[in-house]
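Colleague: how would this look folded up:
(one chain, ligands or ions: 1)
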Amino acid sequence: MVNIGVLVSGSGTNLQSIIDEIEAGRLDASIKVVVSNKADAYALERARKHNIPVAVVRVKDFPGKEAFDAEVLRVLKEYGVELVVLAGFMRIITRVLLDAFHMKVMNIHPSLLPSFPGLEVQKAALEYGVKFSGCTVHFVDDGVDTGPVIVQAVVPVKDEDTVESLSKRILAEEHRIYTRAIQLYSEGRLEVRGRRVFVRDAKAPSGAVENPGAD
Ligand code: GAR
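Modeller: Have a look, this model is predicted:
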(Lines give C-alpha, C1' and ligand atoms only; values in the text may rest on other atoms or scores of the structure.)
Protein backbone atom coordinates (compact mmCIF):
# COMPACT_ATOMS: atom_id res chain seq x y z
CA MET A 1 0.00 0.00 0.00
CA VAL A 2 1.28 3.46 -0.86
CA ASN A 3 -0.10 6.86 0.10
CA ILE A 4 -0.21 9.08 -2.95
CA GLY A 5 -0.81 12.74 -3.71
CA VAL A 6 -2.08 13.50 -7.21
CA LEU A 7 -1.20 16.83 -8.85
CA VAL A 8 -3.56 18.00 -11.58
CA SER A 9 -4.33 21.00 -13.77
CA GLY A 10 -7.16 19.86 -16.03
CA SER A 11 -9.84 17.32 -16.74
CA GLY A 12 -8.39 14.54 -14.62
CA THR A 13 -9.18 11.41 -16.60
CA ASN A 14 -5.93 9.86 -15.36
CA LEU A 15 -6.95 10.75 -11.79
CA GLN A 16 -10.32 9.09 -12.47
CA SER A 17 -8.69 5.88 -13.64
CA ILE A 18 -6.57 5.79 -10.47
CA ILE A 19 -9.68 6.33 -8.33
CA ASP A 20 -11.56 3.61 -10.24
CA GLU A 21 -8.76 1.06 -9.96
CA ILE A 22 -8.40 1.69 -6.21
CA GLU A 23 -12.17 1.32 -5.72
CA ALA A 24 -12.16 -1.87 -7.78
CA GLY A 25 -9.49 -3.30 -5.46
CA ARG A 26 -6.91 -3.59 -8.23
CA LEU A 27 -4.61 -0.79 -7.12
CA ASP A 28 -3.11 -0.95 -3.66
CA ALA A 29 -2.86 2.79 -3.05
CA SER A 30 -4.68 5.50 -1.15
CA ILE A 31 -5.13 9.02 -2.55
CA LYS A 32 -4.49 11.27 0.43
CA VAL A 33 -4.92 14.59 -1.41
CA VAL A 34 -5.43 16.03 -4.89
CA VAL A 35 -3.61 19.32 -5.49
CA SER A 36 -4.45 21.62 -8.40
CA ASN A 37 -2.90 24.86 -9.59
CA LYS A 38 -6.24 25.68 -11.25
CA ALA A 39 -9.32 26.35 -9.10
CA ASP A 40 -11.66 25.35 -11.96
CA ALA A 41 -9.94 22.07 -12.90
CA TYR A 42 -12.60 19.39 -13.46
CA ALA A 43 -10.23 16.95 -11.73
CA LEU A 44 -11.19 18.64 -8.42
CA GLU A 45 -14.85 17.72 -8.99
CA ARG A 46 -13.85 14.12 -9.59
CA ALA A 47 -11.93 14.07 -6.29
CA ARG A 48 -14.74 15.71 -4.33
CA LYS A 49 -17.26 13.14 -5.64
CA HIS A 50 -15.12 10.46 -4.01
CA ASN A 51 -14.55 12.40 -0.77
CA ILE A 52 -10.85 12.86 -1.47
CA PRO A 53 -9.36 16.01 0.14
CA VAL A 54 -8.42 18.70 -2.37
CA ALA A 55 -6.13 21.72 -2.24
CA VAL A 56 -5.81 24.57 -4.72
CA VAL A 57 -2.43 26.29 -4.85
CA ARG A 58 -2.56 29.28 -7.20
CA VAL A 59 0.58 30.30 -9.03
CA LYS A 60 -0.25 34.00 -8.69
CA ASP A 61 -0.26 33.79 -4.87
CA PHE A 62 3.47 32.99 -4.77
CA PRO A 63 6.52 35.06 -5.74
CA GLY A 64 8.17 32.28 -7.78
CA LYS A 65 8.33 28.62 -8.73
CA GLU A 66 10.20 27.58 -5.58
CA ALA A 67 7.74 29.29 -3.25
CA PHE A 68 4.85 27.67 -5.12
CA ASP A 69 6.48 24.24 -4.83
CA ALA A 70 7.21 24.82 -1.13
CA GLU A 71 3.50 25.28 -0.53
CA VAL A 72 2.66 22.15 -2.57
CA LEU A 73 5.29 20.28 -0.53
CA ARG A 74 3.76 21.51 2.72
CA VAL A 75 0.35 20.17 1.66
CA LEU A 76 1.79 16.81 0.53
CA LYS A 77 3.63 16.39 3.86
CA GLU A 78 0.54 17.40 5.83
CA TYR A 79 -1.36 14.51 4.22
CA GLY A 80 1.43 11.96 4.66
CA VAL A 81 2.07 11.50 0.94
CA GLU A 82 4.78 8.97 0.01
CA LEU A 83 4.53 9.06 -3.79
CA VAL A 84 3.68 12.13 -5.89
CA VAL A 85 1.70 11.38 -9.06
CA LEU A 86 1.59 14.08 -11.74
CA ALA A 87 -1.58 13.58 -13.76
CA GLY A 88 -1.88 16.31 -16.36
CA PHE A 89 -0.07 18.77 -14.06
CA MET A 90 1.08 21.44 -16.46
CA ARG A 91 3.97 22.86 -14.48
CA ILE A 92 7.66 22.13 -14.26
CA ILE A 93 8.64 20.86 -10.84
CA THR A 94 11.59 22.46 -9.06
CA ARG A 95 14.28 21.00 -6.79
CA VAL A 96 12.14 21.95 -3.78
CA LEU A 97 9.81 19.04 -4.55
CA LEU A 98 12.36 16.80 -6.25
CA ASP A 99 14.79 16.85 -3.31
CA ALA A 100 12.03 16.06 -0.85
CA PHE A 101 10.68 13.23 -3.06
CA HIS A 102 13.79 11.85 -4.78
CA MET A 103 12.64 9.27 -7.38
CA LYS A 104 9.24 9.44 -5.73
CA VAL A 105 7.58 11.70 -8.30
CA MET A 106 5.99 10.03 -11.34
CA ASN A 107 4.65 11.62 -14.50
CA ILE A 108 2.61 10.42 -17.47
CA HIS A 109 3.43 11.87 -20.87
CA PRO A 110 1.51 11.28 -24.13
CA SER A 111 4.44 10.27 -26.35
CA LEU A 112 7.16 7.65 -26.53
CA LEU A 113 9.90 9.60 -24.78
CA PRO A 114 12.49 10.81 -25.57
CA SER A 115 10.53 11.59 -28.76
CA PHE A 116 8.26 14.59 -28.47
CA PRO A 117 8.79 16.05 -24.99
CA GLY A 118 6.89 19.19 -24.00
CA LEU A 119 3.45 20.29 -25.13
CA GLU A 120 1.06 19.48 -28.03
CA VAL A 121 2.97 16.30 -28.62
CA GLN A 122 0.23 14.32 -30.38
CA LYS A 123 0.13 17.08 -33.03
CA ALA A 124 3.92 16.99 -33.27
CA ALA A 125 3.88 13.20 -33.74
CA LEU A 126 1.30 13.47 -36.55
CA GLU A 127 3.23 16.28 -38.25
CA TYR A 128 6.47 14.32 -38.04
CA GLY A 129 4.76 11.34 -39.65
CA VAL A 130 5.78 8.66 -37.15
CA LYS A 131 4.00 5.31 -37.55
CA PHE A 132 3.82 4.66 -33.83
CA SER A 133 3.25 6.87 -30.86
CA GLY A 134 2.18 6.05 -27.32
CA CYS A 135 2.73 7.11 -23.77
CA THR A 136 5.41 6.99 -21.11
CA VAL A 137 5.34 6.79 -17.32
CA HIS A 138 8.61 8.04 -15.89
CA PHE A 139 10.17 9.23 -12.68
CA VAL A 140 10.64 12.99 -12.73
CA ASP A 141 14.10 14.52 -12.66
CA ASP A 142 15.04 18.16 -13.11
CA GLY A 143 14.72 18.13 -16.91
CA VAL A 144 11.52 18.39 -18.93
CA ASP A 145 10.19 14.84 -19.56
CA THR A 146 13.70 13.40 -19.18
CA GLY A 147 13.54 11.15 -16.10
CA PRO A 148 14.00 7.35 -15.97
CA VAL A 149 11.32 5.47 -17.91
CA ILE A 150 9.13 3.04 -15.95
CA VAL A 151 6.54 1.80 -18.48
CA GLN A 152 5.71 2.66 -22.09
CA ALA A 153 2.80 1.62 -24.28
CA VAL A 154 2.87 1.86 -28.07
CA VAL A 155 -0.10 2.74 -30.27
CA PRO A 156 -0.14 2.77 -34.07
CA VAL A 157 -0.72 6.02 -35.94
CA LYS A 158 -3.42 5.51 -38.60
CA ASP A 159 -3.58 7.30 -41.94
CA GLU A 160 -6.93 8.87 -41.07
CA ASP A 161 -5.87 10.03 -37.58
CA THR A 162 -6.53 13.54 -36.31
CA VAL A 163 -4.99 15.02 -33.17
CA GLU A 164 -8.25 14.11 -31.40
CA SER A 165 -8.41 10.49 -32.53
CA LEU A 166 -4.72 9.86 -31.82
CA SER A 167 -4.95 11.57 -28.41
CA LYS A 168 -7.96 9.42 -27.51
CA ARG A 169 -6.16 6.20 -28.45
CA ILE A 170 -3.09 7.24 -26.43
CA LEU A 171 -5.20 8.34 -23.44
CA ALA A 172 -6.80 4.90 -23.14
CA GLU A 173 -3.30 3.43 -22.80
CA GLU A 174 -2.27 6.14 -20.33
CA HIS A 175 -5.05 5.05 -18.02
CA ARG A 176 -3.84 1.47 -18.20
CA ILE A 177 -0.10 1.97 -17.74
CA TYR A 178 -0.25 4.72 -15.12
CA THR A 179 -2.25 2.63 -12.70
CA ARG A 180 0.02 -0.32 -13.45
CA ALA A 181 3.18 1.72 -12.72
CA ILE A 182 1.73 2.91 -9.42
CA GLN A 183 0.84 -0.67 -8.52
CA LEU A 184 4.40 -1.81 -9.33
CA TYR A 185 5.72 0.95 -7.09
CA SER A 186 3.30 -0.03 -4.34
CA GLU A 187 4.53 -3.63 -4.55
CA GLY A 188 8.14 -2.41 -4.22
CA ARG A 189 9.04 -3.91 -7.59
CA LEU A 190 10.72 -0.86 -9.17
CA GLU A 191 14.47 -0.54 -8.94
CA VAL A 192 16.17 2.55 -10.39
CA ARG A 193 19.78 2.09 -11.52
CA GLY A 194 21.03 5.22 -13.22
CA ARG A 195 18.68 5.93 -16.11
CA ARG A 196 17.18 2.45 -16.14
CA VAL A 197 14.22 1.23 -14.14
CA PHE A 198 14.10 -2.52 -13.60
CA VAL A 199 10.79 -4.18 -12.79
CA ARG A 200 11.21 -7.28 -10.65
CA ASP A 201 9.50 -10.42 -11.95
CA ALA A 202 8.14 -8.73 -15.08
CA LYS A 203 7.60 -10.59 -18.34
CA ALA A 204 9.45 -9.24 -21.35
CA PRO A 205 7.20 -8.90 -24.41
CA SER A 206 8.32 -10.97 -27.36
CA GLY A 207 8.40 -10.13 -31.04
CA ALA A 208 8.20 -6.84 -32.88
CA VAL A 209 5.36 -4.87 -34.43
CA GLU A 210 5.40 -2.99 -37.70
CA ASN A 211 3.12 -0.38 -39.17
CA PRO A 212 1.85 -0.63 -41.88
CA GLY A 213 1.45 -4.34 -41.26
CA ALA A 214 2.97 -6.72 -43.78
CA ASP A 215 0.66 -7.75 -46.70
C1 GAR B 1 -2.73 13.53 -20.47
O2 GAR B 1 -2.74 13.19 -21.84
C3 GAR B 1 -1.31 13.57 -19.95
O4 GAR B 1 -0.47 12.59 -20.52
C5 GAR B 1 -0.89 14.95 -20.39
O6 GAR B 1 -2.01 15.76 -20.14
C7 GAR B 1 -3.19 14.97 -20.26
C8 GAR B 1 -3.99 15.13 -19.00
O9 GAR B 1 -5.23 14.50 -19.13
N10 GAR B 1 0.27 15.40 -19.68
C11 GAR B 1 1.24 16.09 -20.24
O12 GAR B 1 1.24 16.44 -21.40
C13 GAR B 1 2.39 16.44 -19.29
N14 GAR B 1 3.49 16.96 -20.03
P15 GAR B 1 -6.14 14.23 -17.86
O16 GAR B 1 -6.23 15.55 -17.08
O17 GAR B 1 -7.47 13.85 -18.45
O18 GAR B 1 -5.53 13.13 -17.05
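
Colleague: interface residues of this protein facing the ligand?
Modeller: 10-14, 43, 87-88, 108-110, 171, 174 (Cβ under 6 Å from any ligand atom). (Glycine included, C-beta is placed from N, CA and C.)

Colleague: For this structure, give me the ranges with low pLDDT.
Modeller: For the chain, no stretch is flagged by pLDDT under 70.

Colleague: Could I get the full set of strands for it?
Modeller: 2-8, 29-36, 54-56, 83-86, 105-109, 132-139, 149-156, 190-193, 196-199 (DSSP state E).

Colleague: Which strands and helices lie in contact with the last one?
Modeller: The one in question is strand 196-199. Here strand 196-199 touches strand 149-156, strand 190-193, going by 3 or more Cβ pairs under 8 Å, 6 or more residues apart in numbering; DSSP states H and E.

Colleague: So which of the ones you listed is the most surrounded?
Modeller: strand 149-156 (a mean of 18; mean count of other Cβ atoms under 10 Å).

Colleague: And it, how far out from the chain middle?
Modeller: Its chain's C-alpha centre and that of strand 149-156 lie 12 Å apart, by Cα atoms, centre = their mean, to the nearest Å.

Colleague: Mind putting the helices and strands packed on strand 196-199 into CSV with distance to Phe132?
Modeller: CSV is the format used below for the helices and strands packed on strand 196-199 (distance: least, Cβ to Cβ, whole Å):
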stretch, distance to Phe132
strand 149-156, 5
strand 190-193, 25
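
Colleague: gap between the residue of the chain found nearest the ligand and Val149?
Modeller: The ligand sits closest to Gly88 of the chain, with a gap of 2.6 Å, by Cβ to the nearest ligand atom. For Gly88, the distance to Val149 equals 19 Å [Cβ to Cβ, to the nearest Å].

Colleague: what do you get for Ile92?
Modeller: 18 Å.

Colleague: just to revisit the earlier point, Ala181 is nearest to which of the helices and strands packed on strand 196-199?
Modeller: Of all those, strand 149-156 sits nearest to Ala181, with 4.8 Å by Cβ to Cβ.
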